[in-house]
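In: Sequence below, structure please.
(2 chains)
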Amino acid sequence: MKRNSKQPLEIVIPIKMKDFKAGGDGAARIKQVLQKIGFPPDIIRRVAIAAYEAEMNIVINSLGGEIKATVSTDVITIIARDYGPGIPDIELAMQEGYSTAPREIQEMGFGAGMGLPNIRRCADRMTVESKQGQGTTITIEIYNR
Amino acid sequence: MPHYFFSWEEYVLLKLREVKELLEAEVFTGEDKLDLEVESGFGSDLMSDVLAFARGKVILLTGLTNNHVINTATMVDAVAVVFVRGKRPGPELIAAAEKIGLPLLGTRFIMFSSCGRLYQAGLKGCSELRVGENLAGETDEEK
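Out: Now for the predicted structure:
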């Protein structure tokens, strides 16, 4: 890896609401970039899974948003930001099995209340900030070590 | 990269060719990759569970045939996907899998029977893999 950690690489991917077809493309793109740079496979895997869940969260639950990955040699940061409606009770949403997704989402293999817990499982650090009516920002940090 | 190790005495790797025979499966794409080996299995229609718990050189069994199966398989570096209970992927899905070199198989057996057949042949579930040890029993830290 020759990339200078002072000049991190940034990947920004806009996410549309209810675009189930494109959902996952952003995470796949981030994964490709990390593979090209040459990060260890288990780091790539954790980033890819966290990014994919965050991306699907935006697709399923929000009015749209974006995923921004900032890549340096030491840490990969993913910021998933959406335009609302916001999470009323973050603590509840972090619990495995808690979901507000309708049945058709569950039939696609998501919406079983595993999204945020899965992200937490992959992340070294994770913060969720949400304001009702304004949106949610999830910040995920995965250290390369 | 972490090493995975089965706590079982017999460590069974199955070739996709053997999986195909055991499940009397049809190959939708990846006929040229049947010599690839799998070391663990995961059966689920819930992609979040796959993302959370699949590990190792895993073969994914599912009854879902949407594009998220391919995405999920890619994220967990699955070796191949088997569609159970006679589900058939659409041409778009087959094309997408072909593009990334992910073999897709299909079996008429239901999930329970499909998993049972592979397990009986010695393939273990992902939960039986122990992280951080290789076949010699060394941990990543010890090396």
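In: wait, what's in contact with the residue nearest the centre of chain A?
Out: For chain A, A:Ala54 is the residue whose C-alpha lies nearest the centre (Cα atoms, centre = their mean; 2.7 Å). Contacts for A:Ala54 (Cβ atoms under 8 Å, 6 or more residues apart in numbering or on different chains) come out as A:27, A:67, A:78, A:80, A:115, A:119, A:138, A:140. Where you see a C-beta, it was placed from the backbone N, CA and C, and this is true even at glycine.
In: ok, and of the residues you listed, which contact chain B?
Out: Filtering the contacts of A:Ala54 for proximity to chain B by Cβ under 8 Å from any Cβ of the partner chain leaves A:27, A:115.
In: Nearest to B:Met75 among the contacts of A:Ala54?
Out: Relative to B:Met75, the closest of the contacts of A:Ala54 is A:Ala27; by Cβ to Cβ it sits at 6.6 Å.
In: So the closest one is in contact with B:Val76, correct?
Out: No. The criterion here is Cβ atoms under 8 Å, and A:Ala27 misses it with B:Val76 at 11.7 Å.
In: what touches both of these two?
Out: Joint contacts of A:Ala27 and B:Val76 (Cβ under 8 Å, 6+ apart) are A:Ile49.
In: any idea how far the residue most central in space within chain B is from A:Ile119?
Out: In chain B, the centroid-proximal residue (Cα atoms, centre = their mean) is B:Ile59; its distance is 0.3 Å. Shown here: B:Ile59 relative to A:Ile119, a distance of 25 Å by Cβ to Cβ, to the nearest Å.
In: what does chain B put close to chain A?
Out: Counting by Cβ under 8 Å from any Cβ, the residues of chain B that sit close to chain A are B:1-2, B:45-49, B:51-52, B:62, B:64, B:66-69, B:71-72, B:74-77.
In: Show the buried residues in those residues.
Out: Buried members of these, counted by 16 or more other Cβ atoms under 10 Å in any protein chain shown: B:2, B:45-49, B:51-52, B:62, B:64, B:66-69, B:71-72, B:74-77.
In: Return the subset of these lying in strands.
Out: B:Thr62 (DSSP state E).
In: Can you get me a residue count around A:Val12?
Out: A total of 11 residues lie near A:Val12 under the criterion other Cβ atoms under 10 Å in any protein chain shown.
In: Sorry, slip of the keys, the one I care about is A:Arg103.
Out: A:Arg103 has 7 nearby residues by other Cβ under 10 Å.
In: Ok, B:Ser127 next?
Out: 10.
In: quick one: contacts for the closest residue to B:Ala80 other than its chain neighbours?
Out: Spatial nearest neighbour of B:Ala80, excluding adjacent residues (Cβ to Cβ, 6 or more residues apart in numbering or on different chains): B:Pro103 at 4.1 Å. B:Pro103 is in contact with B:16, B:27, B:29-30, B:33-34, B:36, B:79-81, B:97, counting by Cβ under 8 Å, 6+ apart.
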